[in-house]
Structures are given as C-alpha cells and as structure tokens.
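Sequence first, predicted coordinates after that:
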Protein chains: 2
Amino acid sequence: MSKFWNPLIKQLEPYVPGEQLDDPAIIKLNTNENPFPPSPKVLKAIQEESVKLQLYPSPTVDELREEIGSFFSLKKEQVFVGNGSDEVLAFSFMTFFEPGKTIKYPDITYSFYPAFAKLYQLDVEEVALEDDFSLPVEAFFQSEGGVIFPNPNAPSSLYVKIEAIEEILKNNPDQVVIIDEAYVDFAEASAVSLIDSYPNLLVVQTLSKSRSLAGLRVGLALGHPDLIEGLNRAKDSFNSYTMDRLAIVGAIEAFKDTAYFEKTKQEIIAVREYFRQELEKRNFYVLPSQTNFVLASPSDMEAEKLFTQLKQEGFLIRYFNQPKLENYVRISIGTQEQMSKLLDAIDRIIKK
Amino acid sequence: MSKFWNPLIKQLEPYVPGEQLDDPAIIKLNTNENPFPPSPKVLKAIQEESVKLQLYPSPTVDELREEIGSFFSLKKEQVFVGNGSDEVLAFSFMTFFEPGKTIKYPDITYSFYPAFAKLYQLDVEEVALEDDFSLPVEAFFQSEGGVIFPNPNAPSSLYVKIEAIEEILKNNPDQVVIIDEAYVDFAEASAVSLIDSYPNLLVVQTLSKSRSLAGLRVGLALGHPDLIEGLNRAKDSFNSYTMDRLAIVGAIEAFKDTAYFEKTKQEIIAVREYFRQELEKRNFYVLPSQTNFVLASPSDMEAEKLFTQLKQEGFLIRYFNQPKLENYVRISIGTQEQMSKLLDAIDRIIKK
C-alpha cells in the first residue's frame, strides 16, 4: 500500500494469470495455448509490415474490422477489436455495466470477471452452477444490470445450447448479455447467429486459442452497431491505438487463411477426443469438453498430487485450489505426441 | 446514444487523433512520427520471435523492464511498460488521481488529458500558459489532487528546466506529479535524474517518437517502486497481457541499439534547426522547439489557409482550431529532403 494510490486502486484484487514459462524442456499444457504455430501467411504479413513501424497504426482499424465482418457475415460497424479479449472484456464491463445494478455471472468461471467487478466497483450475483457444472439457465433471467458468462464455460469446458442463450436474451431485454466465446471454435456453434435479432447481445472472441495467436493479443466483440459505438467511445477515452500494426495485419491474415484454421482446429478436436477416451480408460471422470482443454478428475489419486507430480516430470497443467474444483485438473490439448507423452507420465505416476 | 450505454459512457468526450493516411504520395508531417525506420536489429528480433506467437507473452514483461532499467540506471521495479504511452497515461490517471480532488494541467497541452479526466470523472484546473506559451511554474504548486504536463509541452514544443520541475515536486509532496516526456529525447534533459529523490515523481516516455516505433505501441513509466506497483495493480485488473511478444522483443532491441538511436535523433535535431532558420527567413515566428516538431506562425498569411493549401499540395501538417493557437501550425520534422520540399511548397503558396 502506498499513500499515492487512490482508494480504487487500494481495494483491487488483480487477476493472476497461469504460469508462463519460456523453458522449451517443459511441456506446457496449463494456459490453453494452441500447439500449432500461426498460419505461415500471418508470419509473412508481419514481416512485410514491420518496415512501416515508424508510422502510427490505423486508430479505427477499419481493414481488420471489415475482414472479420466478412468472415461472420456482419458489417464493420458490428465489429470491435482490441488488445486481446481481456481488453475487449474490460471495455465491455466499463461500457455496459454500472455500479448499483447487480450483474450476474457463474460462481465457477473465468477468474478475470471478479477483478473487473472490483475495478468498476460493480455489484455481482455469482450464480451457482449445478453439481455437474452445467449452467442453470433460468437463474440468469431478469438480471438487474446485465449478464456475462463464457460459452463454452471455463474451466468447466461445458457448452450451453444456442436456444438457451436465446432464452436468456429474451429475458434480459434492457440489459446487455455478454457471451464470452474464447473457446467457441472448438464447440457446436457461436451465438453470432443471434446478433441481428437481439440488440442486447455482445459476443466476445479471441485469436489466442483457435487461431494460434496468444502472443499477438487480438480480441474482438460482435454486436449491434450501438454497442460497438459505445465500446469505441470507451476505447477512444483510454487509448486510441490499442492495436499495433503487426497485430492488425497478422489478424487479417489469420481470418483470411480459413484452410489453415479449419485444419488445425479439427486436429485439436480429434486429439481432445482421443485424450478423453484415454483418460477414461484410466478411471478419470472427464467432463464432455467443447473447448481445447479438458476438466478431469482422477479416481485413483488426489488431483493436487497429480498436478505436483506432473510438474516434477516436466508437464505443466492447471490446478485450481478453490471450492468445487479441488478434485479436478485442467489440461490443455497439445499435439498428439505431447498428449501421448503426458499419458505415459500419468501411467508412471498412478503406478507408484 | 444507446439505452445500453451506462451514464459514464454517455458523458465521455473521446480523444480524436490526427489523420492517419496510408497514402505514400502524401508527405505526412502531422502526427510527429519519426521519418526513419526502426533499427534493423528491431526488425530482426521481431522476425525471429514471430514463430512463437501461439504462446502467451510474459505478463510481467521482466526482460524488457530490466533492459529499460539498465538504460536509465534504475531497477526493474522502477519501470512499468504498456501498450503505448497513452495506455500508460490512462493507467496513471486511474491509479494516482481521484474524483473530488482537483488536478492541474496546462490549458494548452496534449488533448488526451481532458478525455482521461472525463473517463475517470476528475475535477480539473486548466492552468493558463503565459502569452509566450511558457509554463507558469508556481501555478502548479500545492495541487489538491496531482499534476500532469508534458515536458517538452505539446503542441508548444517548449521545454521546462529540471530545476523548475524539482520546485513543483517539492511543492506537491503528497500528490503525484506526472511528467509526460514523449518528446524528451529531442530536449535538454529528462526528469529521470530526480526519481531517486522524489517518490511522488512519475516520468512517462514512449518509443513512438525518438525510437521510430509509433506502429508498435510501446510506452513506459519510471518512478518509485510503490508507484510502479500501483500501476501494475491497475493493469492486472484490466488486461494482464497488454504487450504482445513482438512489441516486447522489438522494444528490447530498440533500447539496446543505442548507436542507431543517437544517430537518428541527432539527425532530426539538426534538420529541426535547419528548418527553423528557413522558416524564420520566410517571416514565420517559430517557438524554440526541443521536440521533433515546430509550432510556427506565418506572418504573411493565415495559418489555417497555409494548412489547407499545403494539403492541396500533398503535405499534411496540423492545424488546431482552438483559442491561442489560431495563428499557428504544427509541423513534424521529417527528413532533410522532405523539409526542403515542404519549404518549396511554402514558397509557392506565399508567392501566390
């Protein structure tokens, strides 16, 4: 604490990200990164653009917003882009939620939401998930100040059907409902199809997972032009140039190269299903994931012990020391080879 | 206006950046960009790093903070980095200023400050500059909530001596004084030398001007570890990964390549002095700039007319349609060749 911090800063509870180690000897399956590099076209575009770095980027980022719009069959005015989906979420909380009007999100969810709530001094109702981690849809009806949840949820990996999301939208006509689709490319369908029918829907996505660009920091929001205009007002009062030139051209190519996107995505889904089956053979309870990770509970040992012993073997996975999750570990889906090696390590540990 | 915007967003007055055109036919001297490309070492580092973009960057950015610390003879704990100095300023306003305690900044200054003030709902005293645009130092003593000004100031281009800054620091012992040094590398000296003596001093700098990286978005703040910790609390409640991998490695190389930095900086200062003399020969009043731009007033024609006619000739400079600045234009310093061409165009326009 410092006398120079204002009261807002003193009461914050900042987010703590998963460990980011640059040690190539470790197999890193703890932050849901994509095991494949970005599309070669992304790398080429970045290299070509780098000679222009003395010039400011476009503050309105029209070219990227048009490319994303065209991918989703939306107009540029329905697309907001930012420095990772965390920043997009930060601007969304800033713009659509307000102190004194209670918002709702699940009790087990992305752990950045409580940090945003502290930052914007929001009142929150944490809606308890069912015992099987499924979302109690009706509990999100008639919110006072708005709704946010990830779909698929993290760390549960579970997906909520579009029909249920539509019910939540219908039952919050005067509040913004934010669907945080960080993992949606590994799932059944996006809520983007509802945008033209529901002016209160904001869909947030990221290029960090399915497009192999966690290191480039690009996120986006899709919704009614009024919502996008609100986000741009917030952005332009905070930082006009949130996206650098390399992020802009890299993201454009990532959306253009649909073949690479489809191929790597399908590979990850295939490895996920293989890995799930292998864990089940080893008596793990595995939630039916629609993401690029699994939440799994070992029957034959403590989850925390598994986490610790895998770390000693050179595998980094995630353990959440919090209620309802004590018996689970979250494991990102890597390559087939990485997951085979992980299974071998699990076998060695279980046999001990 | 949308019913979905909260009251905060409705009252904002967002910043409007200078025109960013990608037309290579235009000589762009309106946003104080560096006419030289980044160091070749920066480009090489970016290219090498791009193959790792599927992995998250470091959330604490230790390596870059150490490199910057070593450049300024400070510790890593005295260095904060962010996505351009605009974002660093946004976090600084968020952390050190508070509603109800009036802050002070000059009436003619960086036009993002009023946008930040609206965003954080701050009370502001806009201190009038003297008629010659110099800073009335004593008017910044005993602020209620803190002080911020650029040094050198923009768009005046004028520099305040370190001794005067020290007086302002002494006379605001319980408030944070932010010195926004976007242009300081073209000036006499930085206030960084005062950091170890004044725990209330925060110095903000950018890589956009003197290091040719406007397109990469890297800014920094230097100060007492308590101030830096406060900024990190704010950042980690908003966006843990504000800097992408390419920005981090590019910025490290930009600080390492001191030879390139010195050479390009000296060249710009030399061209500035040449250009000032040439303008004076043409009856312009030119403020004694310590930046990479000049604020100049033509005697023989209206400033706005000069701006408009230069635009027609393919030269983009900046005109501010606001009190005290009606008779001035702001011109960024480009290469010797660009400034010669600009002078030829000015000659043609004046003779008409």
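The structure has been received and is ready for your questions. Numbering: from 1, shown residues only, chains lettered A, B, ... in the order given.

need the contact list for A:Asn30.
Contact analysis of A:Asn30 by Cβ atoms under 8 Å, 6 or more residues apart in numbering or on different chains lists A:18-19, A:316-318, A:330, A:332. Using the backbone N, CA and C atoms, a C-beta is placed for each residue, glycine as well.

Hmm, I typed the wrong one, I wanted A:Asp180.
A:85, A:89, A:110, A:148-151, A:204.

and it, what are its phi and psi?
phi -90, psi 100 (degrees, to the nearest 10).

Dig out what it forms beta bridges with.
Applying DSSP bridges to A:Asp180 gives these bridge partners: A:Pro150, A:Val204.

Can you pull up the residues of the stretch 101-250 of chain A that come close to chain B?
Proximity of the stretch 101-250 of chain A to chain B, by Cβ under 8 Å from any Cβ of the partner chain, involves residues A:112, A:115-116, A:118-119, A:174-176, A:199-200, A:208, A:212-217, A:226-227, A:229-230, A:232-247, A:250.

got the buried residues for stretch A:175-190?
Buried residues in stretch A:175-190, counting neighbours by 16 or more other Cβ atoms under 10 Å in any protein chain shown, are found at A:175-187, A:190.

quick one: which of those is nearest chain B?
Of all the buried residues of stretch A:175-190, the one with the least separation from chain B (Cβ to the nearest Cβ) is A:Val176, at 5.2 Å.

Touching, that closest one and A:Phe96? I think so.
Yes: the pair A:Val176 / A:Phe96 is scored as a contact, 3.9 Å apart, by Cβ atoms under 8 Å.

Please identify every residue contacting each of the two.
Common neighbours of A:Val176 and A:Phe96 (Cβ under 8 Å, 6+ apart) are A:146, A:202, A:227, B:4.

quick one: contacts for the third one?
The reference is to A:Leu227. When contacts are counted by Cβ under 8 Å, 6+ apart, A:Leu227 touches A:95-96, A:176, A:199, A:202, A:221, B:2, B:4.

Which parts of chain A belong to which domain?
Recorded structural domains for chain A (assignment: automatic domain parsing) are A:7-36+A:259-351, A:40-257.

Who's the closest spatial neighbour of A:Phe141, skipping the chain neighbours?
Closest residue to A:Phe141 apart from its sequence neighbours, by Cβ to Cβ, 6 or more residues apart in numbering or on different chains: A:Asn171 at 3.7 Å.

what separates that neighbour from chain B, distance-wise?
Going from A:Asn171 to chain B by Cβ to the nearest Cβ, to the nearest Å gives 16 Å.

Isn't that residue up against A:Val147?
No: in this structure, A:Asn171 is not within contact of A:Val147 by Cβ under 8 Å, at 9.5 Å.

anything in contact with each of those two?
Joint contacts of A:Asn171 and A:Val147 (Cβ under 8 Å, 6+ apart) are A:Phe140.

ok, these two, which is more surrounded?
A:Val147 (25 against 16; other Cβ atoms under 10 Å in any protein chain shown).

Run through the residues that contact the residue nearest to that one when sequence neighbours are not counted.
In this structure, A:Val147 finds its nearest non-sequential neighbour in A:Val177, 4.5 Å apart by Cβ to Cβ, 6+ apart. Applying Cβ under 8 Å, 6+ apart to A:Val177 gives the contacts A:140, A:146-148, A:165, A:168-169, A:198, A:200-202.

rerun that using 7 Å as the cut-off
A:146-147, A:168-169, A:200-201 (Cβ atoms under 7 Å, 6 or more residues apart in numbering or on different chains).

any chance of the residues you listed in a markdown table, plus pLDDT and secondary structure?
Output for these, formatted as a markdown table (pLDDT from 0 to 100; DSSP: H, G, I helix; E, B strand; the rest coil):
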| residue | pLDDT | secondary structure |
| --- | --- | --- |
| A:Gly146 | 98 | coil |
| A:Val147 | 98 | strand |
| A:Ile168 | 98 | helix |
| A:Leu169 | 98 | helix |
| A:Asn200 | 98 | coil |
| A:Leu201 | 98 | strand |
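
Relative to A:Thr60, which of these is nearest.
A:Leu201 (23.0 Å; Cβ to Cβ).

neighbours of that closest one, just the number please.
Neighbours of A:Leu201 using other Cβ under 10 Å come to 24.

correct me, but it touches A:Ile195?
Yes: contact between A:Leu201 and A:Ile195 holds when scored by Cβ atoms under 7 Å: they sit 5.8 Å apart.

what do the two both touch?
Common neighbours of A:Leu201 and A:Ile195, counting by Cβ under 7 Å, 6+ apart, are A:Gly223.

Surely A:Ser134 is in contact with A:Leu158?
Yes: A:Ser134 is within contact range of A:Leu158, at 6.1 Å (criterion: Cβ under 7 Å).

okay, which residue is most central for chain A?
In chain A, the residue lying closest to the centroid (Cα atoms, centre = their mean) is A:Ala182, at 3.1 Å.

which ones are touching A:Ile317?
Counted by Cβ under 7 Å, 6+ apart, A:Ile317 has contacts A:29-30, A:307, A:310, A:329-331.

and which of those residues is nearest B:Gly69?
A:Asn30 (28.8 Å).

do you know how far the nearest residue to A:Phe72 once chain neighbours are set aside is from chain B?
In this structure, A:Phe72 finds its nearest non-sequential neighbour in A:Val192, 5.3 Å apart by Cβ to Cβ, 6+ apart. Distance, A:Val192 to chain B, using Cβ to the nearest Cβ: 18 Å.

And A:Gln121, by the same measure?
11 Å.

can you check A:Phe96 too?
From A:Phe96 to chain B the distance is 6 Å (Cβ to the nearest Cβ).

May I ask you to confirm that that residue is in contact with B:Phe4?
Yes: under the criterion of Cβ under 7 Å, A:Phe96 makes contact with B:Phe4 at 5.9 Å.

Mutual contacts of these two, please.
With Cβ under 7 Å, 6+ apart, A:Phe96 and B:Phe4 have common neighbours A:Val176.

who's more crowded, those two?
Taking other Cβ under 10 Å, A:Phe96 and B:Phe4 do not tie; A:Phe96 has more neighbours (27 against 20).

got the phi/psi numbers for the more buried one?
Dihedral angles (degrees, to the nearest 10) for A:Phe96: phi -110, psi -20.

That one: what's it in contact with?
A:Phe96 touches A:146, A:176, B:4, B:6, counting by Cβ under 7 Å, 6+ apart.

Okay, helices next: where are they in the stretch 51-200 of chain A?
A:62-72, A:84-96, A:112-119, A:162-170 (DSSP state H, counting those that start in this stretch).

Go ahead and name everything in contact with the first one.
Contacts of helix A:62-72 with the rest of the structure, by Cβ under 7 Å, 6+ apart, involve A:75-76, A:78-79, A:81, A:192, A:220, A:222, A:248, A:251-252, A:255-256.

go on, the third one?
For helix A:112-119, the surrounding residues in contact (Cβ under 7 Å, 6+ apart) are A:11-15, A:86, A:89-90, A:93, A:105, A:124, A:148, B:237-238.

Give me whichever of the domains of chain A is most buried.
For these, the largest average neighbour count (mean count of other Cβ atoms under 10 Å in any protein chain shown) is found in domain A:40-257, namely a mean of 21.

How far off centre is that domain?
In terms of Cα atoms, centre = their mean, to the nearest Å, the centre of domain A:40-257 is set 9 Å apart from its chain centre.

The strand or helix carrying A:Phe261 vs chain B: in contact?
Assigned by DSSP states H and E, A:Phe261 belongs to helix A:258-281. No: for helix A:258-281, no contact with chain B is found by Cβ under 7 Å from any Cβ of the partner chain; the gap never falls below 9.7 Å.
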